[in-house]
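Undergrad: This is a predicted model, with the sequence first.
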Amino acid sequence: MLTSESFALLRLLNAEAPSAGPALAAQLEIPKGRIPALIRELEAAGIDIARIGGRGYQLAVPFRRLDLAVWRDACLALGASLPIEVKKKPRLQTVLHPSVVGTENGHAPQALSLEWVEQIDSTSSELMRRISRHDIHGLALTTEWQSDGRGRRGRPWLGLPGNSLMFSLGWRFEQGAGFLAGLSLAMSVAIARALEKEGFAGIELKWPNDLIHHYHKLGGILVELNGDALGPSQAVIGVGLNLTLPKTARGDIPQAVSDLASIKKDLPSREALLARCLLEMATALADYAQRGFVAFAPEWQRRHAYQNKPVKLLLPDGQTVRGDVVGVDASGALVLAESSAIGKDSRRGRYTAGEISLRRT
């Protein structure tokens with residue numbers, strides 16, 4: 001994982017020309033002896049750094065920061081309607097989306113907005129902090145680097161600058177937490193739709209919130225809720241997608257992983273992919289507010305890589321359950337035809353998100 005100090009060095013190494021160690025140390029106001037250690041820290045995180053004899057260090061493959069103007073144009077190309085609003089903060093722009101603006105369900109925002117920050121602890125944590133002070137309905141926050149990105153069950157989420165898409169979207173619902181139990185599954189459907197429209201074939205889902213390709217994880221979704229049990233409530237939907245994942249970085253991830261570059265050589269720009277994802281999510285969220293997860297269950301099951309397959313479920317208390325995946329119920333809980341001890345009879349068990357881990361047998 002990168003520290004704020006190593007990320008600051010990464011920013012300098014992304015320049016057009018190489019920089020010598022003493023010059024880098026002077027810009028960072030640190031001792032010259034710290035530079036080699038920070039270089040090793042970056043390389044351990046999977047970042048390829050070129051050493052150019054007599055001239056210094058430079059990123060072997062420079063990355064381009066997310067460009068909000070390009071994102072705005074991508075939204076318009078995908079059908080977002082005018083007007084485009086640039087707010088007082090120079091990094092905040094707003095795009096109206098025709099499928100949600102003007103709806104009468106009371107849940108759609110007047111606009112989708114995007115805020116970019118270079119680095120942050122977690123985009124989801126930041127939106128959760130803002131709930132008590134600001135309206136986050138329809139606000140997306142994206143970043144180049146998260147120092148404390150989170151995945152399911154508190155696991156860290158690793159994403160590299162320029163090689164990942166990391167963002168969170170806030171949304172308000174009149175309903176409470178029970179109604180939102182299947183939201184992460186519905187959002188995985190929305191992201192799968194977005195990827196397919198960008199030309200990525202073979203995208204499948206793994207219960208409850210993973211996007212996979214050939215049983216290798218491409219990305220994940222984490223939903224956090226705030227509000228009353230009976231509503232209203234606010235959801236923060238965090239999304240992480242691997243665009244290009246260096247081999248060195250894969251060794252730090254304790255599961256089989258892949259990236260979008262392995263599926264399709266010509267990757268769309270991060271701005272185009274982010275625009276597609278946000279607009280698909282906005283459409284799906286407005287639909288979810290009206291009809292709940294039942295509107296997404298059939299499609300989710302069609303996309304589930306483990307549907308009707310034998311699996312092993314690892315429960316938090318250490319117990320193991322084996323059986324065949326029947327599907328999901330109307331709330332998004334996994335339904336499993338469990339094998340009995342004698343292997344003849346079976347019963348159906350219901351499991352909710354956050355309690356189990358799914359493994360292919």
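TA: Arrived safely, thanks for sending.

Undergrad: alpha carbons only for contacts and neighbour counts from here, please
TA: OK.

Undergrad: Quick check, residue 177 in contact with residue 231.
TA: Yes. At 7.3 Å, residue 177 counts as touching residue 231 under the criterion of Cα atoms under 8 Å.

Undergrad: In which helix or strand does residue 322 reside?
TA: If you go by DSSP states H and E, residue 322 is part of strand 320-328.

Undergrad: buried set for that strand?
TA: 321, 322, 323, 324, 325, 326, 327, 328 (16 or more other Cα atoms under 10 Å).

Undergrad: Check stretch 196-214 too.
TA: 198, 200, 203-213.

Undergrad: now, which of these lie within strands?
TA: 204, 205, 206, 210, 211, 212, 213 (DSSP state E).

Undergrad: Quick one, grab the pLDDT at the second one.
TA: Looking at residue 205, its pLDDT reads 96.

Undergrad: Next, work out how far apart it and residue 33 are.
TA: Noted for residue 205: a distance of 47 Å to residue 33, by Cα to Cα, to the nearest Å.

Undergrad: any idea which helix or strand of the protein has the worst average confidence?
TA: strand 81-86 (a mean of 54; mean pLDDT, DSSP states H and E).

Undergrad: quick check: mean pLDDT across the longest strand belonging to the chain?
TA: For the chain, the longest strand by residue count, based on DSSP E, is strand 216-227. Across strand 216-227, pLDDT averages out at 94.

Undergrad: Show me how far that strand is from its chain's centre.
TA: 7 Å (Cα atoms, centre = their mean, to the nearest Å).

Undergrad: Report the backbone C-alpha coordinates of that strand in PDB.
TA: Extracted in PDB, the C-alpha atoms of strand 216-227 (Å, rounded to 0.1, in the frame of the first residue of the first chain):
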ATOM      1  CA  HIS A 216     -11.300 -14.100 -11.600                       C
ATOM      2  CA  LYS A 217     -12.400 -10.900  -9.800                       C
ATOM      3  CA  LEU A 218     -12.600  -7.700 -11.900                       C
ATOM      4  CA  GLY A 219     -14.200  -5.400  -9.400                       C
ATOM      5  CA  GLY A 220     -16.400  -5.100  -6.400                       C
ATOM      6  CA  ILE A 221     -19.200  -3.100  -4.900                       C
ATOM      7  CA  LEU A 222     -19.700  -2.000  -1.300                       C
ATOM      8  CA  VAL A 223     -22.900  -0.400  -0.100                       C
ATOM      9  CA  GLU A 224     -23.100   1.500   3.200                       C
ATOM     10  CA  LEU A 225     -26.300   2.800   4.700                       C
ATOM     11  CA  ASN A 226     -27.300   5.600   7.000                       C
ATOM     12  CA  GLY A 227     -30.800   6.400   8.200                       C
END
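
Undergrad: Beyond it, next helix or strand please.
TA: Scanning onward from strand 216-227 (DSSP H and E), the first element met is strand 233-242.

Undergrad: Provide the contact partners of that following strand at residue level.
TA: 123-124, 127-128, 137, 157, 159, 163-177, 184, 218-227, 258-260 (Cα atoms under 8 Å, 6 or more residues apart in numbering).

Undergrad: rerun at 6 Å
TA: Strand 233-242 is contacted by residues 124, 164-173, 176, 218-227, 259 when judged by Cα atoms under 6 Å, 6 or more residues apart in numbering.
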